[in-house]
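Student: For reference, the sequence and a predicted model appear below.
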Amino acid sequence: MEIWRVNARRRSLLREATPKSWEKFGGRGLVARIMRDETPPTCDPLGPRNKLIFAPGLLVGHMLSSCDRISVGGKSPLTGGIKESNAGGRTGLHLTHLGIKALIIEDRPEDDELQIMVMSTDGISFEPAADVLGKGVYAAAEILISRYGKNTAIALIGPGGERKLSSAGIQNIDKDRSPSRIAARGGLGAVMASKGLKAIVIDKSGGEKPDIVDPAAFRSARKRYTEALMSHPQTRVYNDYGTAAMTMMASGFGALPTRNFSTGEFEGAERISGEMMRDMLLERAGDAQTSHACMAGCTIKCSNVFADDQGAGIVSPLEYETIGLLGSNLGIDSLDAIAGMNWIVNDLGLDSIEIGAALGVAAEAGVWEFGDEHRAMELLEEIRQGTPLGLVLGHGAAVTGRVLGVSKVPVVKGQAMSAYEPRAIKGTGVTYATSPQGADHTAGLTIRAKVDHLDPTIQTDISRSAQINMAGYDSLGVCSFGSFGFAVAPDAVRDLLNARYGWDSGDDILQKLGRTALTLEREFNSLAGFTSADDRIPEWMTIEPLAPHNAVFDVSDEELDSIFDWIS
Ligand code: SF4
């Protein structure tokens, strides 16, 4: 496998053998390794010294169920710290089939012109992007697919990325060529724009699947993993309801963010639930699908296609985090309205969590009324038009709070919280507070732990374990729901890696990968100027009780500071 190093100023490519010291890294871990080895932690996120990295996980390339994710990373313009954001779709698989261990995009062009970078077995070429500039990702992807072929993979930014908004992500086309698989968090779409790129097109024709050192052992481990995944009860739940199954679960814990995180219970929860969505989609038929895969080979199929009452597709997928942040957090109880908003946010190439939180803060400031879905849509269109208010919202919840004078802003390290209230699910609050990534449920969600989620004394151990595991899975390229299979067949991680690479990893390989990634990320952030003061939940959440449990976030500072206890 090679490292492809692109100089964005010269628009040139250097193909290098993977350095020995990077061989055992992949995905999130490889992003962290490269950032520590090559990127000055104090660099300007949109400047020439930052790097934009695409790194497939260690298990990517074989269409193992839910294991072909791409990690995208760099220094975040939103948090000012290290950022890894991963996505499904085709990008990871296609890069791997070109033999690419990591794509590193360096420097920045002298002008602000955005171009299209085309990758193939021949190397790279740059082409004009004039006909897709300013276009939303849906229209732009259609043009690019018709030009470069329907078998390509495409990673692209929307108008939000072009404006270098801090909530801009990088959209990746899925197996059905919809540009809806976003590496959403932390503003990496703005970093891509700073490198002069509107889109990266990957043509894997002539490429090959990665070599496997011991194919028989790989097949055996694959079988055990797939069987474990298929027999896991959560696989059925996610297949039937998608991530929207979490709406009623979070509501049951009093953890459904509602009206700018002011309460954990929402009177309209059932109307935005996975159960309601399933019934609607089955009745609407047409384009509607209750179950859909974002990547070839996924057996869980947690995705869906949400269709209107005529059966015409609106958006795919409609997920719980979007339902929480654009729905209950804004006092909106209509799945149709949330799906319409989701389409706009996707088309702009923005993170629906960050935008939902920013709109919640704006409602708190009196800019609009919670529950007014029409005004919410207008505000999203203001982001598209680039009005002053639209630009403020597009830079995320923290900037919106500062500009509008709101102190109740649900962020950590400048990044908005996901749809799990940290005062009700305190282990996830510990993850929000301490993750080097900023507030992010995918860094270590604890809601499934069979514990008292309100007891502040037991949450650090639970969050630590979840953070290590997730950093491990993110290094493998495994979707968080693929982890259900590895939880039942833990030996399969070791056996798949050893069979593919000829390693002799032990039983603790997942934890080793996770700890190493977290250690490197903490080092980067520390050198960028982060201290323990950055590992805290906003003060108002430690003072203001949350209904229905009247809970505050009260995990002690000592507990929070002990989370990464293996790092001296
Ligand atoms: S479980 Fe869902 S997110 Fe994960 S790979 Fe399958 S469709 Fe994609």
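Tutor: Great, that's in hand. Computed from a prediction, not measured in an experiment: that's the story for all the values here.

Student: going forward, measure contacts between C-alpha atoms and count neighbours the same way
Tutor: OK.

Student: now the end-to-end length of stretch 407-417.
Tutor: 15 Å (CA to CA, to the nearest Å).

Student: ok, now how distant is the residue nearest to F261 when sequence neighbours are not counted from S262?
Tutor: Spatial nearest neighbour of F261, excluding adjacent residues (CA to CA, 6 or more residues apart in numbering): N329 at 6.5 Å. Look at N329 and S262: by CA to CA, they are 9 Å apart.

Student: So between those two, which is more surrounded?
Tutor: Using other CA atoms under 10 Å as the criterion, N329 and S262 rank with N329 on top: 29 against 18.

Student: hang on, the earlier thing: list the contacts of the residue nearest to F261.
Tutor: Counting by CA atoms under 8 Å, 6 or more residues apart in numbering, N329 makes contact with 257-261, 356-357, 360.

Student: Secondary structure and pLDDT added to those residues, as JSON lines?
Tutor: Output for these, formatted as JSON lines (DSSP: H, G, I helix; E, B strand; the rest coil; pLDDT from 0 to 100):
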{"residue": "P257", "secondary structure": "coil", "pLDDT": "98"}
{"residue": "T258", "secondary structure": "strand", "pLDDT": "98"}
{"residue": "R259", "secondary structure": "coil", "pLDDT": "98"}
{"residue": "N260", "secondary structure": "coil", "pLDDT": "98"}
{"residue": "F261", "secondary structure": "coil", "pLDDT": "98"}
{"residue": "G356", "secondary structure": "helix", "pLDDT": "98"}
{"residue": "A357", "secondary structure": "helix", "pLDDT": "98"}
{"residue": "G360", "secondary structure": "helix", "pLDDT": "98"}
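
Student: just those now: which is nearest the ligand?
Tutor: Nearest to the ligand out of those is G356 (CA to the nearest ligand atom; 20.4 Å).

Student: Can you pull the poorly scored residue ranges out of the stretch 251-400 of the chain?
Tutor: By pLDDT under 70, the stretch 251-400 of the chain has no low-scoring segment.

Student: residues from it in reach of the ligand?
Tutor: Proximity of the stretch 251-400 of the chain to the ligand is confined to 293-295, 298, 300-303 under the rule CA under 6 Å from any ligand atom.

Student: try 8 Å
Tutor: By CA under 8 Å from any ligand atom, the residues of the stretch 251-400 of the chain that approach the ligand are 292-295, 298-303.

Student: same thing with the stretch 1-150 of the chain?
Tutor: 65-69, 87-89.

Student: And those, which is closest to L350?
Tutor: A87 (13.7 Å; CA to CA).

Student: Next, count neighbours for the closest one.
Tutor: Residue neighbour count, defined by other CA under 10 Å, stands at 26 for A87.

Student: likewise R494?
Tutor: By other CA under 10 Å, 18 other residues sit near R494.

Student: Touching, it and G502? I think so.
Tutor: No. With contact defined as CA atoms under 8 Å, R494 does not count as touching G502 (10.9 Å).

Student: picking that back up, give the ChimeraX command for selecting the buried subset of the contacts of N329.
Tutor: Those of those that count as buried under 16 or more other CA atoms under 10 Å are selected in ChimeraX with:
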select :257,258,259,260,261,356,357,360
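
Student: For the ligand, give me its nearest residue in the stretch 51-200 of the chain.
Tutor: Counting by CA to the nearest ligand atom, the stretch 51-200 of the chain gets nearest the ligand through S66, at 3.8 Å.

Student: any idea how far F484 is from that residue?
Tutor: In this structure, S66 and F484 are 11 Å apart, going by CA to CA.

Student: These two: who's more crowded?
Tutor: Set side by side, S66 and F484 show more neighbours around S66, with 26 against 20, by other CA under 10 Å.
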